[in-house]
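Enquirer: Quick one, structure for this:
(chains A and B)
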Amino acid sequence: QSALTQPRSVSGSPGQSVTISCTGTSSDVGGYNYVSWYQHHPGKAPKLMIYDVNKRPSGVPDRFSGSKSGNAASLTISGLQADDEADYFCSSYAGTYPYWVFGGGTKLTVL
Amino acid sequence: EVQLLESGGGLVQPGGSLRLSCAASGFTFRNYAMTWVRQAPGKGLEWVSSIDGTGIVTFYADSVKGRFTISSDSSKNTVFLLMNSLRAEDTAVYYCAKQSTVTKLHDYWGQGTLVTVSS
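Expert: Numbering: from 1, shown residues only, chains lettered A, B, ... in the order given. Modelled structure (predicted):
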């Protein structure tokens, strides 16, 4: 059981948009604007796509966006491309122990 | 370019020990806190331990406290995780991650190293 709840899978066709949710509590997602999203191709290093809820690191396309409402955060990928197919997981700072919590990951399939 | 390269994983019997290493490059190592995170088969990620840039302040998950020790060597730009009294439930891919100074989150991760605890 992961601390943050994500759907196990989502899918979309090229060009479409998909949204992945990440639900926590007032002690993590709801309590801090420190939510991040990572793209993870199995066997490779996870890549930071969104940090601080809605900020993009340099080099990440603006097709990736993040938001938060209450205890839930979301990652939206617009204009889906084949190489967006990967696992995506969220993370939130929790302030006190256990300091950082993670979602179980969502497998994105581009149809 | 920031790179984190984990090593040291493998198959170990219950009760045994392993030392994981994470070699860092592309940034000033002593300025950043580092973290170990693990993912057991079929499960989500779990924070394991963190160490500050000085190598003095450390934090552990309750599940590993007293068994695992995190340390760092700034002369080698490497963070270590010494794992003793290993249990089957410690089986996981172990990732090291660099904590950002811009935010309280982790901006770079390694590709992970697999630890299997089995007889």
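Enquirer: near chain B, which residues of chain A?
Expert: A:1-4, A:32, A:34-36, A:38, A:43-48, A:51-52, A:55, A:57, A:89, A:91, A:93, A:97-105 (Cβ under 8 Å from any Cβ of the partner chain). In short, each C-beta sits where N, CA and C put it, glycine included.
Enquirer: quick one: contacts for the residue of chain A found nearest chain B?
Expert: Going by Cβ to the nearest Cβ, chain B is nearest to A:S2 of chain A, at 3.1 Å. By Cβ atoms under 8 Å, 6 or more residues apart in numbering or on different chains, the contact list for A:S2 reads A:V101, A:F102, A:G103, A:G104, B:K43, B:G44, B:L45.
Enquirer: Put together TSV for those, with distance to B:S85 on each row.
Expert: Below are the contacts of A:S2 laid out as TSV (distance: Cβ to Cβ, whole Å):
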residue	distance to B:S85
A:V101	25
A:F102	25
A:G103	29
A:G104	27
B:K43	21
B:G44	24
B:L45	22
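Enquirer: Pull the most distant pair out of those.
Expert: Using Cβ to Cβ, the contacts of A:S2 span at most 13.4 Å, a distance reached by A:V101 and B:K43.
Enquirer: ok, these two, which is more surrounded?
Expert: Under the criterion of other Cβ atoms under 10 Å in any protein chain shown, the comparison of A:V101 against B:K43 puts A:V101 first, with 22 against 13.
Enquirer: middle-most residue in chain A, spatially?
Expert: For chain A, A:W37 is the residue whose C-alpha lies nearest the centre (Cα atoms, centre = their mean; 3.5 Å).
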